[in-house]
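In: Sequence plus the predicted model coming up.
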Amino acid sequence: MKGPWARAFADRYAPDAEDGVVAQLRVESSLITAQVDGRSVTLSAQPIPPGVWTAIAAQVTPDRQSLELAQLLEHTWEEPLVPEELVRVGADGDVAAVAGAVAAEIERDPSTLLRFRGYAAHAATDDDAWRGGELPPLPPPARRPPDSVPKRFGASGIPTADGELVEVLVRAYRAFGD
């Protein structure tokens, strides 16, 4: 493997990849599923938070394996591009075979690793946030009177010029409710 992402993924999760026929390989945000000789294998990891992807969006190039991007994620954001831990379901040999197949897929298409780490999900939601649409209907009116919220907490023990804080809030809630 030539690319640094594919090599790092293979080194971490498939150092002793065994022979096995990997089929139905699917890579989604934080989830990889496949079949190895008919046996199910699942690998999952926490995605990199959307806020990190937003902060580095201009530096993400999905079509090449950038060592700089991997270092930026690891050293600046403490979010490694190749996850440090995977939740694995399947025999060790099957997991290694799937990890080897994923590393080969990353070599062929670097966006595979970005998608697994949550980048594609971030990109899709960013576009949708700017599209207008019909507003959802308002929820039904509250069943409790508005001043029941501060009353639930009881006395705060915080005195104010107008009385105990919760009493002041109850009066305010009633005034806004009228």
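Out: Nice, thanks for sending it over. Numbers count the residues shown, from 1 in each chain.

In: List phi and psi for residue 73.
Out: The phi/psi pair for residue 73 (degrees, to the nearest 10) reads phi -60, psi -40.

In: got a pLDDT number for it?
Out: Looking at residue 73, its pLDDT is 90.

In: separation between it and residue 107?
Out: Counting by Cβ to Cβ, to the nearest Å, the gap between residue 73 and residue 107 amounts to 19 Å. The C-beta positions use only the backbone N, C-alpha and C, and glycine is treated the same way.

In: List the buried residues for stretch 105-116?
Out: 105-107, 110-116 (16 or more other Cβ atoms under 10 Å).

In: Next, format the residues you listed as TSV and append distance to residue 42.
Out: Listed next are the buried residues of stretch 105-116 as TSV, based on distance: Cβ to Cβ, whole Å:
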residue	distance to residue 42
105	16
106	18
107	22
110	22
111	21
112	16
113	17
114	20
115	16
116	13
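
In: Where do the strands of this structure begin and end?
Out: 22-28, 31-36, 39-44, 87-89, 159-160, 163-164 (DSSP state E).

In: next one: the last one to chain centre, how far?
Out: Going back to what we said before, that points to strand 163-164. Chain-centre distance of strand 163-164: 45 Å, with Cα atoms, centre = their mean, to the nearest Å.

In: now do stretch 85-93
Out: 20 Å.

In: In this structure, what helix or strand scores lowest on average pLDDT?
Out: helix 119-129 (a mean of 56; mean pLDDT, DSSP states H and E).
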